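>>> Just need the structure, nothing else, for what follows:
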Amino acid sequence: MKVMKPSPTVMEVDIHGLMAADAKARLEHLLSHAGPQVQEVVVIHGYSHGTVLRDMVRTQLKHPRIQSKLISLNQGQTRILLKKAKK
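Numbering: from 1, shown residues only. Okay, here's the model as predicted:
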């Protein structure tokens, strides 16, 4: 899993090559520990070699901080908008 931070409010996470259960656990951990300034997480899951990761992110991934999931025009990524972190 590769994590990049192109801006203070956005994180990009590449989960190519991970098993769905492992990717889910890592994303949940990342969401739990994302700073209060992070408002969006862009998950790059790919789509040309199967849809297991995409389906996991869009349907199975749950976390109290997730406000909504946006399907991108790029089929290989999903945008997750976050609620403000509780202090």
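
>>> what pairs with the lowest-mean-pLDDT helix or strand in the chain, and is each one parallel or antiparallel?
Within the chain, no helix or strand scores below strand 2-7, which has a mean of 79 by mean pLDDT, DSSP states H and E. Sheet pairing of strand 2-7 (DSSP bridges) gives strand 10-14 (antiparallel).

>>> how far is the partner strand from where the chain is centred?
7 Å (C-alpha atoms, centre = their mean, to the nearest Å).

>>> May I see the buried residues of it?
The neighbour-count check on strand 10-14 (16 or more other C-beta atoms under 10 Å) flags 11-14 as buried. To be clear about C-beta, it is placed using only N, CA and C from the backbone, and glycine gets the same treatment.

>>> and of those, the nearest to Ser68?
Nearest to Ser68 out of the buried residues of strand 10-14 is Met11 (C-beta to C-beta; 16.0 Å).

>>> With adjacent residues omitted, what lies nearest to the closest one?
Distance criterion C-beta to C-beta, 6 or more residues apart in numbering; nearest residue to Met11, sequence neighbours excluded, is Val41 at 4.9 Å.

>>> Name the residues that touch stretch 75-87?
31, 34-36, 38-48, 54, 57-58, 61, 64-72 (C-beta atoms under 8 Å, 6 or more residues apart in numbering).
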